[in-house]
Every structure is written in structure tokens, then in C-alpha cells.
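Student: Turn this into a structure:
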Amino acid sequence: MAEGVIGDLRTVDALVRTGLAADVVRLAAKSRHWRELYVAAPVNEDSDAPVIEGYIDLAVLESGSDGPGLIIVDYKTDAVADAADRAAKAERYRLQGAAYALAAERSTGLPVRRVVLCFLAADGATELEVTDLTEAMAEVRSAARELAGA
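Tutor: Sure, this is the predicted structure:
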């Protein structure tokens with residue numbers, strides 16, 4: 001066991017328990033889902049398009065009137081002072097969530113309906129959705145092309 005982990009077991013246990021009680025995780029328990037899902041895909045159809053990759057904490061298959069789609073869940077264990085601090089941190093993670101959504105859509109062919117940032121704390125989980133997901137995914141495409149020099 002790594003040094004320092006024993007002293008944190010209570011904290012880890014509390015975070016895991018609050019995560020398991022989160023609404024989106026309870027939905028996953030009743031649905032087809034994947035944990036620690038590796039995704040990698042080019043940002044568009046161009047042969048020289050940059051590839052984005054990452055590990056999605058939890059992907060949930062959801063049935064809808066318009067067919068199946070995915071919910072992407074990203075667990076966060078940041079210390080947050082209050083709701084305003086949590087909202088600011090969620091904004092910082094917006095493009096990360098959008099990158100996961102883009103890679104998941106391009107890898108699976110399924111639409112991502114929403115990305116949920118699940119902030120875990122000993123006193124409970126708070127779920128915040130990535131705002132303007134379509135716009136955020138477009139920002140990721142643009143940033144990836146810029147970073148690749150395209």
C-alpha cells in the first residue's frame with residue numbers, strides 16, 4: 001500500500017459512498033454502462049485531423065425517443081468552498097468534458113446527450129452538467145486543430 005493511503009482510507013471511503021449515491025450513478029446501475037472507458041478519435045473526418053484521447057470515468061447508455069445516446073460522467077474530488085467555487089471549477093472542466101463527448105461520439109457513433117461533472121465530497125455528491133455542450137465540442141475541435149498547426 002502506498003505511503004499515506006492508510007490515513008486517507010476514511011476519506012476515500014466517504015467519497016466512494018457519496019459517488020455511489022449520486023443520481024447519475026444510480027441510473028448507470030440500472031442501465032448498460034462502461035467504467036474507465038478509453039476513447040480515441042480524430043476530431044473530424046479529415047485524414048490529417050488531430051486525435052483526442054482519454055479515459056471516461058463512466059459512460060451510460062440511455063434510451064430516448066430519438067434513439068440511444070450516452071451520458072458521460074466525470075468524477076471530481078476538488079475541494080470546493082461553496083456553490084460559486086464549484087460552478088467556477090465546473091467551467092474550468094467544461095472543455096475537458098466536451099473533449100470526452102467528442103471522442104465518445106466519434107468512437108461509438110452515438111450522440112452524447114450530456115456530460116455530468118460529479119463533484120464528490122464527504123457530505124455528498126453534486127452533479128453539474130457541462131453547459132452548451134455542442135458549442136463546447138466545437139471549441140475543442142477548433143483548439144485541437146490550432147494546437148496541431150492545422
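Student: Can you mark which positions in the helix or strand where residue 142 lies are buried?
Tutor: Following DSSP states H and E, one finds residue 142 within helix 133-147. Neighbour-count burial for helix 133-147 flags 133, 136, 137, 139, 140, 141, 143, 144, 145 (criterion: 16 or more other CB atoms under 10 Å). For glycine as for every other residue, the C-beta is placed from the backbone atoms N, C-alpha and C.
Student: Parallel or antiparallel, list what pairs with the lengthiest strand in the chain.
Tutor: Secondary structure assigned by DSSP state E gives strand 51-64 as the longest strand of the chain. If you go by DSSP bridges, strand 51-64 pairs up with strand 33-42 (antiparallel), strand 67-76 (antiparallel).
Student: Identify, out of the ones you listed, the most deeply packed stretch.
Tutor: strand 67-76 (a mean of 19; mean count of other CB atoms under 10 Å).
Student: tell me the mean pLDDT for it?
Tutor: Per-region confidence: strand 67-76 scores 96 on mean pLDDT.
Student: got it, and stretch 109-120?
Tutor: pLDDT averaged over stretch 109-120 gives 96.
Student: what about that stretch, distance to the chain center?
Tutor: 5 Å (CA atoms, centre = their mean, to the nearest Å).
Student: For it, list the C-alpha coordinates in PDB.
Tutor: The C-alpha trace of stretch 109-120 is given here as PDB (Å, rounded to 0.1, in the frame of the first residue of the first chain):
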ATOM      1  CA  GLY A 109     -21.400   6.800 -33.500                       C
ATOM      2  CA  LEU A 110     -23.800   7.600 -30.600                       C
ATOM      3  CA  PRO A 111     -24.700  11.100 -29.600                       C
ATOM      4  CA  VAL A 112     -23.700  12.300 -26.200                       C
ATOM      5  CA  ARG A 113     -26.800  13.800 -24.600                       C
ATOM      6  CA  ARG A 114     -25.000  15.300 -21.700                       C
ATOM      7  CA  VAL A 115     -21.800  15.400 -19.700                       C
ATOM      8  CA  VAL A 116     -22.100  15.400 -15.900                       C
ATOM      9  CA  LEU A 117     -19.400  16.600 -13.600                       C
ATOM     10  CA  CYS A 118     -19.900  14.700 -10.400                       C
ATOM     11  CA  PHE A 119     -18.200  16.600  -7.600                       C
ATOM     12  CA  LEU A 120     -17.600  14.300  -4.700                       C
END
